[in-house]
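Asks: Just the structure for this:
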Amino acid sequence: MLTYRVFALIAVLTLTLGAADRDPNRDRAVTFDVSVTDKQGNPIPALRKENFKVYQDGVEQSLLRVWPSERPLAVVVLMETSGALAYQMPASTIPAAGLFRSLRTNDWGAVVAFGSDPEIVSDFTRDTRALLASLRPKETTYTDDVALFDSIDFVLARVQGLEEKPAILLIATGQDTMSRRRTYGQALRKAETYGTPIYVVALAEPYRAPAEGYPDFGFRMRTQENWFMLKSFAEASGGLSFAPEFAGQYSRIDKVIDTDLRNQYTLTFAPSGPDTGNKLRKLKVEVVGTDIDHNGKSDKLIVRHKRGY
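Replies: Below you'll find the predicted structure:
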């Protein structure tokens, strides 16, 4: 039975790219995970059903159940292998290594590398040593050919339907020069509706500096645009984004991500109104009735979750 379960999970990522996307919204009852933190990023524990309000397209919904999300994790590291990663290794893989080391005995990890196409470097496994060994791809392409949107779509489509809680750690520059199957808008729509949080670690491009050693204006603008694009995937999916400026900042990222994933709530509500087919239904969650700091005022908390379904 255990062998069957392992191969069933592995099969999710080894399906061909042309496989049909799974519909994540088959049932009328909607279930999704929510992170609730204070302004410093500390998770807020022991919240109850009465502390949550759920809105669909601005209309409050009937909340059926709220409980701590304690499912095992299925973490995929999605790692760019263009010249940017080669330029910044090994610091850029520190968050992934730390996250893999924090996995528990019933969690899973996998590594997908991408340049012009996504490639499974390590399929889902519980072998931490194998995962750590796979963080440095056998071949690194010292080019700028990157299919970011195709690669995000590739992983999102293949972690749907898992009993485990899926999450993506995306290590990338934010540039896309080669995507042929998905546009930015199509990949973003999946990110905001599939319920898989994307945690982004942004890399700076290895720029071709002019003679005086400073990046030109075009480079700075391109880097800024790439950063905003990466942030949009994190925000749409309920994840977090990081832009380390020096090596020491990489070492704290894995702890933030692990804490975030281990301290979420799962909410289920019964959506009102008829099924609207493929139209995006926007979600908003509010947390009310809390006074964590005991100052007699309602707390201003940060609530993160997928943007819609």
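
Asks: Show me what the most centrally placed residue in the chain bridges to in the sheet.
Replies: The centroid of the chain falls nearest to Ile198 when counting by Cα atoms, centre = their mean (1.1 Å). Here Ile198 sits in beta bridges with Ile168, going by DSSP bridges.

Asks: so it touches Ala234, yeah?
Replies: Yes - assessed by Cβ atoms under 8 Å, Ile198 is found in contact with Ala234 at 5.4 Å. Using the backbone N, CA and C atoms, a C-beta is placed for each residue, glycine as well.

Asks: Low-confidence regions, the stretch 201-309 of the chain specifically.
Replies: 204-217, 276 (pLDDT under 70).

Asks: neighbours of His305, just the number please.
Replies: By other Cβ atoms under 10 Å, 21 other residues sit near His305.

Asks: And it, its phi and psi?
Replies: Note on His305: backbone dihedrals following degrees, to the nearest 10 are phi -170, psi 170.

Asks: Quick check: phi and psi at the nearest residue to Pro45 once chain neighbours are set aside.
Replies: Taking Cβ to Cβ, 6 or more residues apart in numbering, and ignoring the residues beside it in sequence, Pro45 has Asn263 as its nearest neighbour in space, at 7.0 Å. Main-chain dihedrals, Asn263, degrees, to the nearest 10: phi -130, psi 40.

Asks: can you tell me which residues contact Asn263?
Replies: 35, 43, 45, 68 (Cβ atoms under 8 Å, 6 or more residues apart in numbering).

Asks: and which of those residues is nearest to Val121?
Replies: Among the contacts of Asn263, Ser35 lies closest to Val121 (Cβ to Cβ), at 28.2 Å.

Asks: What separation is there between that closest one and Ser116?
Replies: Computed as Cβ to Cβ, to the nearest Å, the Ser35 to Ser116 distance reads 34 Å.

Asks: who's more crowded, the two?
Replies: Ser35 (23 against 19).

Asks: how much space is there between that one and Ser232?
Replies: For Ser35 relative to Ser232 (Cβ to Cβ), the value is 18 Å.

Asks: looking at this, Met79 is in a strand?
Replies: Yes - under DSSP: H, G, I helix; E, B strand; the rest coil, Met79 sits within a strand.
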